[in-house]
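Novice: Here is my input; please provide its structure:
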Amino acid sequence: MKRKKITLFTAIVLCLLVALTGCGSSEKPASETEKKVLVIGMGAELDNQLTPLSTADDLMPAFGMVYETLVTYHNGEYAPGLASSWEFGHDGREITLHLREGITYHDGEPFNADSVKANLEYLKGWQSAAFLRGVSSIQTIEVLDTYTLKLIYEAPYYASLWDLASPYRVTMISPGMYEEGNYESMRGIVGTGPYMYDTFVKGEYTLLKANPDYWGNTPQWDEIIVRYIPTSSSRLKALQTGEIDMIFSSDFISYDEYRQASGLNGIEGQISEDIVNTRNIVLNSASPVLSDASLRQAIAQAINKEAIVQGLTYGYEKTAEALFDTDLPYCNVTLNHTWSYDPEKSAQLLDESGWKLNESTGYREKDGSVLHLRFTYPNNKALNKEIVEAIGSQLGEVGIQVETEGMEIMSWYADCFQSNFDLTIGNTYGKPDDPHNYLNPIYTMGSIDAIAVSELPDVQQLRDWLGETLITAEEDRVTELYDNILNSLNDNVIEIPISYQMELVLYNSEVIEGYAFGGITQVLFPDNVKKR
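Specialist: Just a heads-up that it's a prediction; the model follows:
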């Protein structure tokens, strides 16, 4: 949708043509002239597969448009969402939820305790969601009345509210949209949120319309058009020409593109103050080469994070020494080791491991084999390719031969779950899912990190610590357990944090005055877009 500006000359001509009947715009239907439309460019199609748990990262910013959660997250605190209040009981094993009344799903079905029970039981049924303990460890769901239900857990779980606030995992969906056993697709996108899924045109756009029965503040946009524009350059061009109003998400915008675009006339940008998540490299202990801990240490000390941050993010991001932002719960941990950039120490460790430099090739060899690593990455996120190639070059400087390979997201997942990688790049999940939902799958054996730790000598101890966090409500013990867990991952050099990612937005300054980051930073909330 390209907006055309009416010049003064054109306006005069139109007025002369209509003469005494008035200037053209006054004869248009009020609905046309007053309709407020926001056009967003995205790198993935917003089709009817916007499914909790299985939706690809590309679409996660869109969840806040149509779906809502029982609990919300604002500035580090949990607040009412579709549940107006709650209380814990029975030593933390029970949560009684009091729901807001008079809310309906977009298809007219009532939002009530029965529908919440149906949603939670649907999510509980998916084996791959075992890590989501705020749902999967619910033992019984009791409907007490139309708008009250009680969740009874097997054991106290400190992060139950965090899970109920997860915007793309525990969203409330009209029960008629899913079918038992199907976790890959839904019959439609039907939530309780401010905007309703209306029209999907494959390869082009999705139209969302304001929910006329929304229980909260009246949506400020009449329509939202989510245009599918797969390439970054095309999205930027569409923004510049006025075909779209904004691009949201650092997954779709590189910092180089951000700097270039925000310097153009008519385009402005904003960077969040809050950290979204951590960019990190995962090292596979199950790899025949990387089973050697000293080699993993050598890799960590060959990586120049500061050069990557300055070169690829222009210093907007900060180097990460820890896997999680220390402001997150239980993450302010003193690490036993800091693996700083030290190429001389890296070379020494490689020598001591028997990997000697072949001066003629520039690569290290042992027993006639070249030190070769396969470094994979999903190609759906801005900067993944550039970061991987930069690290590959840095490892080459100490004599490690690196093969980099970008893959479509689902192929990358499948490859990693088959342990077909030495190194790969990823991100932590961000608030409110870090640290627990990033780490819990190590215990439930449901993540790439679970593969990566599988051959550590102390892997069972690590899993035991994680398992204990799932049944412990005592604050001091949970703190102690996370200290052990995060130090174990760091000591074993399974995760190498690179930088703390920020959120980005670019917009047409003639249409939009600004965007208010808030709540869960990586989710786009259209009513945080301030219309000019």
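Novice: What residues sit buried inside the strand of greatest length in the chain?
Specialist: Using DSSP state E, we find that the single longest strand of the chain is strand 267-283. Burial within strand 267-283, assessed by neighbour count using 16 or more other Cβ atoms under 10 Å, is assigned to 267-270, 272, 274-283. C-betas here are computed from N, CA, C, even on glycine.
Novice: who does the helix or strand harbouring Glu480 touch, helix- and strand-wise?
Specialist: With the criterion set as DSSP states H and E, the secondary-structure element containing Glu480 is helix 475-491. Using 3 or more Cβ pairs under 8 Å, 6 or more residues apart in numbering; DSSP states H and E, the elements in contact with helix 475-491 are helix 459-469.
Novice: between the helix it packs on and helix 475-491, how many degrees?
Specialist: Interaxial angle, helix 459-469 versus helix 475-491 (axes from the mean of the first three to the mean of the last three Cα atoms, to 10 degrees): 150 degrees.
Novice: chain center to helix 459-469, what's the gap?
Specialist: Taking Cα atoms, centre = their mean, to the nearest Å, one finds the center of helix 459-469 at 25 Å from the center of the full chain.
Novice: cool, and stretch 368-380?
Specialist: For stretch 368-380, the separation from the chain centroid amounts to 25 Å (computed by Cα atoms, centre = their mean).
Novice: Give me the residues contacting the helix or strand encompassing Val116.
Specialist: In this assignment (DSSP H and E), Val116 forms part of helix 113-124. Outside helix 113-124, the residues within contact range by Cβ atoms under 8 Å, 6 or more residues apart in numbering are 52-53, 70, 82, 97, 99, 105, 109, 129, 132, 135-136, 138, 141, 143-149, 151, 169-170, 172-175, 178, 180.
Novice: so of those, which ones are in helices?
Specialist: For the contacts of helix 113-124, membership in helices holds for Val135, Ser136, with DSSP state H as the criterion.
Novice: and the contacts of helix 113-124, which are buried?
Specialist: Counted by 16+ other Cβ under 10 Å, those give 52-53, 70, 82, 97, 99, 105, 129, 132, 135-136, 138, 141, 147, 149, 151, 169-170, 172-175, 178 as buried.
Novice: quick one: low-confidence parts of the stretch 251-400 of the chain?
Specialist: Low-confidence regions of the stretch 251-400 of the chain, defined by pLDDT under 70, are absent; no residue qualifies.
Novice: Sheet-wise, list the partners of the longest strand of the chain with their directions.
Specialist: According to DSSP bridges, the neighbouring strands of strand 267-283, each with its direction, are strand 423-427 (antiparallel), strand 495-508 (antiparallel).
Novice: Turn those strands into CSV, columns for distance to Glu45 and mean neighbour count.
Specialist: Shown next, in CSV, are those (distance: least, Cβ to Cβ, whole Å; neighbours: other Cβ atoms under 10 Å):
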stretch, distance to Glu45, mean neighbour count
strand 423-427, 21, 24
strand 495-508, 20, 24
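Novice: Could you tell me how many residues sit around Gln139?
Specialist: Other residues near Gln139 come to 11 when the count uses other Cβ atoms under 10 Å.
Novice: Let's see the pLDDT reported for it.
Specialist: pLDDT recorded at Gln139 is 96.
Novice: And Asn484, by the same measure?
Specialist: Per-residue confidence for Asn484 comes out at a pLDDT of 98.
Novice: Check the one 3 residues further on too.
Specialist: The model reports Asn487 with a pLDDT of 98.
Novice: what's the closest non-adjacent residue to it?
Specialist: Leaving aside its chain neighbours, Asn487 sits nearest to Asn336 (5.2 Å; criterion: Cβ to Cβ, 6 or more residues apart in numbering).
Novice: The one you found and Asn490 touch, don't they?
Specialist: Yes - taking Cβ atoms under 8 Å as the contact criterion, Asn336 and Asn490 are neighbours in contact, 7.0 Å apart.
Novice: These two: which has the busier surroundings?
Specialist: Shown here are Asn336 and Asn490; by other Cβ under 10 Å, Asn490 has more neighbours (22 against 11).
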